[in-house]
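[1] Build me a model:
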Amino acid sequence: MVSYNCAIVAAANARRPAHALGLLDAMGAASGGAPPPNTASYNAAINACARVGDAEGARALLGEMRAAGVPPNAVSYGAAIDACAKEGGGAAAPRAEALLDEMRASGVPRNIVTYNCA
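    Numbers count the residues shown, from 1 in each chain. Predicted coordinates:
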């Protein structure tokens, strides 16, 4: 688990989100012996999307987390909000605000980091 998560973080730091997502997919594959992704795995992949301003990819990963039964936390939402900010454009602010609202609705406490990302 730790090795996969570290590799996903390394891909994020290298601004290679496709590689990070490939590693996450490998973790979720039924074969291959890799452990299933956890919250830290998804957070690292969301951060990979945020590094390149891929807000759509980050938001999709939040949905994928929930579908896999892995609850997003404040870090998950903060990274997705950061992706919205880095994407820019006229839709960035409403998307970030929608994620803050989703956090509240999901019972995930918002913190200073998530507000600063928005």
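[2] Only C-alpha atoms from now on, for both contacts and neighbour counts.
    Fine.
[3] lowest average confidence, helix or strand, in the chain?
    The helix or strand of the chain with the lowest confidence, counting by mean pLDDT, DSSP states H and E, is helix 112-117 at a mean of 66.
[4] So which residues make contact with stretch 28-41?
    1, 4-5, 8, 24, 26-27, 65, 70-73, 76 (CA atoms under 8 Å, 6 or more residues apart in numbering).
[5] Buried among those? Make that a ChimeraX selection.
    Selection of buried members from these for ChimeraX, criterion 16 or more other CA atoms under 10 Å:
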select :4,5,8,24,26,27,65,70,71,72,73,76
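[6] Who are the contact partners of the residue nearest the centre of the chain?
    When CA atoms, centre = their mean is applied to the chain, the residue found nearest the centroid is I46 (2.3 Å). I46 sits next to 57-58, 61-62, 76, 79-80 when contact means CA under 8 Å, 6+ apart.
[7] repeat that for 6 Å
    Residues near I46 by CA atoms under 6 Å, 6 or more residues apart in numbering: A58.
[8] Which residue, neighbours along the chain excluded, lies closest to R104?
    Setting aside the residues directly before and after it, R104 is nearest to R110 in space (CA to CA, 6 or more residues apart in numbering), at 7.3 Å.
[9] count of residues packed around that neighbour?
    17 (other CA atoms under 10 Å).
[10] rewinding a little: spatially, which two of the contacts of stretch 28-41 are the most separated?
    The span of the contacts of stretch 28-41, defined through CA to CA, is set by A26 and N73 at 22.3 Å.
[11] sorry, back to before: how far away is the residue nearest to R104 from A12?
    As judged by CA to CA, to the nearest Å, R110 and A12 stand 24 Å apart.
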